[in-house]
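Asker: Build me a model from this:
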Amino acid sequence: MDCTTEEIAKHNDASSCWIIIKNNVYDVTEFLSVHPGGPSIILKYAGGDATSAYDPIHPPDTIQKNLSPSQCLGPLITTTSTTDWKDRVPVEQTQDEMRVEREMKHRPPLNRVLNLADIEDIAKRVLPYPVQAFYSAGTDDEFSLRENARAFDRFFFHARVMRPVSTCDPSTKILGYDSSLPVFVSGAAQAILGHPEGELNITRACGNAGIIQMVCTFASIPRARIAAAILPSQTLFFQLYKITDTAATAKVVREAEELGYKAIFLTVDAVVVGNREKDVRSLWVMEEQEGKTQYYVEGDPEATTNLFGSSAVNRRNVFDPDLSWRETIPWLRSITKLPIVLKGIQCVEDAVLAAEAGVEGILLSNHGVRNLSHSSLPPLEVLYRIRRQRPDVFDKLEELPQGGIRRGTDVIKAICIGAKAVGLGRPFLYALSAYGEAGVIKLLDILHREITISMRLLGAASIRDLTPEVVERVDWEPVRRRIGKL
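Answerer: You can find the predicted model right below:
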């Protein structure tokens, strides 16, 4: 194969697209239509070197995993003209790239970041638009995404006074492992899209803060590299997606166990990818910014729409759609001695089945409302219903809600109802996107401050003092309706 720069330069459009990455040449023509970030970013480097755009946001072997051997054309053949290659092929910045560059220079200093909402706002300003859409998107009209957070507004405290709280200890144990706060990092994919160090920003910050990190199967940093970065006392959990290739899944589980991960969180609510329209539309927004909006022409055939948006997860339908209570949990139990937590429980009935199956915990979650709209009640409401309808479940496994948590008081409300700890996903992605490791440290500092202040004001000197009697669910909606009828 002729992999000289002269030959590569001939393949510079959608009909034949070659690119150079780390001095290797790839034919990505067929990959254009399924690239998670859309074809435009690849076409920007068509016929040239894409290393500078590829390297900061992809694990090293990403391209090899997504192309066939025949599409990996071989090493770049060095010629006398190779050295000035980049000088001859200038790449102009997009409007969005220029916006990101401006916003990065205008981030407020960390001492002016007061809460998690501030961090999210800053991150959304500095992130490339497709990444911001990928991180923030919920499914369909995002109704349930909003309700996840609103659920916490329906719970009010019964604060107690005249109780000694000069010493306040918010620490706890999650699955038997120490945590300085009743908070852990829930698994989320592609952190490297927000920062070149990706999940390592979270790992380092959590190590120093005594917080447990759950690492996603689709983490952008190899799980071995994350495991190598932890402190001796640090704990990692592993989020598992079971794929149809059971042997390959078993290999992943064994690798995680050998690397020192302390629990397996089996994702049970994502047999297919949801309808994330904001993410899908983000590619068209980028085209419009560059003056490349497409319009309907009478008689043209309908083109294929990339309904996966920026997500590469399950693009080839590899998730196992046949998970079952009867077979999946016994199979997983047979290949690992680690504690098993089911991630994605959305109703009381399945919480009961999980307890009967003997798993060590359940993560109450609707996947950040990224899969099924109106999929379930908000996780906090599910936790509340378990407390009301089947309180015996709390004695059999640990409940770990995730979704909509943005304040220390949100954490405390969940703990009062019976949660062992709560998971946060998006907030950590926003923190590392805005400020890298320093942003994650800031997020944890904010949560620690808010949790300890609120515990003291509630008269709680330790997590043990946060009991169901401390909170009450109050639904104001019927009150407003009655007032309207007066």
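Asker: For the closest residue to A460 other than its chain neighbours, give me its contacts.
Answerer: Residue nearest to A460 in three dimensions, not counting chain neighbours: L466, with 5.4 Å by C-beta to C-beta, 6 or more residues apart in numbering. (Each C-beta comes from the backbone N, C-alpha and C, glycine too.) Residues counted as contacts of L466 (C-beta atoms under 8 Å, 6 or more residues apart in numbering) are I412, I415, C416, M455, L458, A460.
Asker: Quick check: the last one touching V165?
Answerer: Yes: when contacts are counted by C-beta atoms under 8 Å, A460 is listed as touching V165 (7.1 Å).
Asker: These two: who's more crowded?
Answerer: A460 (26 against 16; other C-beta atoms under 10 Å).
Asker: tell me which element the more buried one is part of?
Answerer: Secondary structure from DSSP states H and E places A460 outside every helix and strand.
Asker: where's F184 relative to R449, distance?
Answerer: Going from F184 to R449 by C-beta to C-beta, to the nearest Å gives 18 Å.
Asker: quick one, which of the two is more surrounded?
Answerer: A count of neighbours by other C-beta under 10 Å puts F184 above the other of F184 and R449, at 25 against 13.
Asker: from what I can see the more buried one touches A421, true?
Answerer: Yes: the pair F184 / A421 is scored as a contact, 5.6 Å apart, by C-beta under 8 Å.
Asker: Tell me the buried residues in stretch 166-178?
Answerer: C168, P170, T172, I174, L175, Y177 (16 or more other C-beta atoms under 10 Å).
Asker: Repeat that for stretch 437-456.
Answerer: 437, 439-444, 446-448, 450-452, 454-456.
Asker: Averaged pLDDT, stretch 67-74. What do you get?
Answerer: Stretch 67-74 comes out with an average pLDDT of 90.
Asker: Convert that stretch to PDB, retaining C-alpha atoms only.
Answerer: The C-alpha coordinates for stretch 67-74 follow below in PDB (Å, rounded to 0.1, in the frame of the first residue of the first chain):
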ATOM      1  CA  LEU A  67     -11.900  -0.500  11.900                       C
ATOM      2  CA  SER A  68     -11.300  -3.800  10.100                       C
ATOM      3  CA  PRO A  69      -7.700  -4.900   9.400                       C
ATOM      4  CA  SER A  70      -8.100  -4.000   5.800                       C
ATOM      5  CA  GLN A  71      -8.900  -0.400   6.800                       C
ATOM      6  CA  CYS A  72      -5.600  -0.100   8.700                       C
ATOM      7  CA  LEU A  73      -3.400   0.700   5.700                       C
ATOM      8  CA  GLY A  74       0.000   0.600   7.400                       C
END
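Asker: Which positions within it qualify as buried?
Answerer: Using 16+ other C-beta under 10 Å as the test for burial, stretch 67-74 gives L67, Q71, L73.
Asker: phi, psi of L266?
Answerer: phi -80, psi 120 (degrees, to the nearest 10).
Asker: same question, E288
Answerer: Torsion angles, degrees, to the nearest 10, at E288: phi -60, psi -40.
Asker: Could you do I405 as well?
Answerer: phi -80, psi 120.
Asker: Identify the residues contacting it.
Answerer: F152, V411, A414, V422, G423, L424, P427.
Asker: Out of the buried residues of stretch 437-456, the closest to I77 would be?
Answerer: Of all those, I77 sits closest to E437, with 40.1 Å by C-beta to C-beta.
Asker: Which residue ranges of the stretch 101-250 of the chain form helices?
Answerer: 116-126, 129-136, 143-150, 200-209, 223-228, 246-259 (DSSP state H, counting those that start in this stretch).
Asker: So which of the ones you listed is nearest L377?
Answerer: Across the helices of the stretch 101-250 of the chain, closest to L377 is helix 143-150 (C-beta to C-beta), at 8.2 Å.
Asker: Could you pull out the helices in the stretch 351-486 of the chain for me?
Answerer: 379-389, 408-417, 426-435, 437-458, 477-485.
Asker: Nearest to Q132 among these would be which one?
Answerer: For the helices of the stretch 351-486 of the chain, the distance to Q132 is smallest for helix 426-435, at 8.5 Å, taking C-beta to C-beta.
Asker: Pull the distance from that closest one to the chain's centre.
Answerer: A distance of 10 Å separates the centroid of the chain from that of helix 426-435, by C-alpha atoms, centre = their mean, to the nearest Å.
Asker: That one versus helix 437-458: what angle between them?
Answerer: 130 degrees (axes from the mean of the first three to the mean of the last three C-alpha atoms, to 10 degrees).
Asker: Thank you kindly, that will do.
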